[in-house]
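Undergrad: Can you look at this prediction? I've put the sequence above it.
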Amino acid sequence: MDSNRVLMRNAAAAVIAVSVVGGAGSGAAASTERTATQATDQATTEAAEAAAEAAAEQADAMSARGITTVHNAVWRTSAKAVKRRVSAAAPAILNKAYAFRLVARRSWPGTQFQCLDSLWTRESGWNHRAENPSSGAYGIPQALPGSKMSGTGVDWRFNPVTQIRWGLKYIRLRYGSPCGAWGHFQSNNWY
């Protein structure tokens, strides 16, 4: 920007000098005007070229340092940012998908996953942070106490994968299958 101002000042000084020197008659005045206009146009063109060169050199220097310029202009808009709504069901769906894969790995049929889905939907709604305030049961499988899940992973309090792994192991050892655990839950209201 400063080099543009210097060039404009020099062009203005040239125009003034030409008009003072050539002020003898109308022919000289017209010639002086043309010369002044040409000098101003040339100065403007030179200023633009100098600015472009400076910008190119700055871009090359930034590129050499690993900095990439995305844009050179600032755009303003009156549009309002839309707040993204996060579905509360998203974690539950992901947790169910992971549990489904683990049930399939154990070669249990699809009916076993349906029983597991019914059981854990009733217990925690597949919420890995679900806590029963009266009993202290915690997590997707509602382990009582929740710290029992620490044998599967130290992140049992906030990791749904650890909770699902622990829950499936507990169901397999105690009831044989998710449908066995669901049947016990229906009879006793606990598993």
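TA: Looks like it came in fine.

Undergrad: Could you chop the protein up by domain?
TA: Domain assignment of the chain by automatic domain parsing yields the ranges 2-64, 89-188.

Undergrad: least trustworthy helix or strand in this structure by mean pLDDT?
TA: helix 2-21 (a mean of 48; mean pLDDT, DSSP states H and E).

Undergrad: Which stretches in this structure count as helices?
TA: Using DSSP state H, the helices of the chain run over residues 2-21, 26-64, 89-105, 110-123, 160-175, 178-188.

Undergrad: rank the domains of the chain by pLDDT, which is bottom?
TA: With a mean of 58, domain 2-64 has the lowest mean pLDDT of those.

Undergrad: give the contact list for F100.
TA: F113 (CB atoms under 8 Å, 6 or more residues apart in numbering). C-beta here means a position set from N, CA and C on the backbone, and glycine is covered the same way.

Undergrad: Quickly note the distance from it to C115.
TA: With distances taken as CB to CB, to the nearest Å, F100 is found 12 Å from C115.

Undergrad: got any residues that touch both of these two?
TA: When CB under 8 Å, 6+ apart defines a contact, no residue borders F100 and C115 alike.

Undergrad: Report the contact partners of G167.
TA: W120, G139, I140, P141, A143.

Undergrad: Filter the residues you listed down to the ones in strands?
TA: Judged by DSSP state E, strands contain none of those.

Undergrad: Now render those as TSV, adding neighbour count and distance to F185.
TA: Listed next are these as TSV, based on neighbours: other CB atoms under 10 Å; distance: CB to CB, whole Å:
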residue	neighbour count	distance to F185
W120	28	10
G139	27	16
I140	27	14
P141	29	11
A143	20	14
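
Undergrad: Name the pair among those with the greatest separation in space.
TA: Distances among the contacts of G167 were taken as CB to CB; the most separated pair is W120 and A143, at 11.6 Å.

Undergrad: which non-adjacent residue is nearest G180?
TA: Leaving aside its chain neighbours, G180 sits nearest to I171 (7.5 Å; criterion: CB to CB, 6 or more residues apart in numbering).
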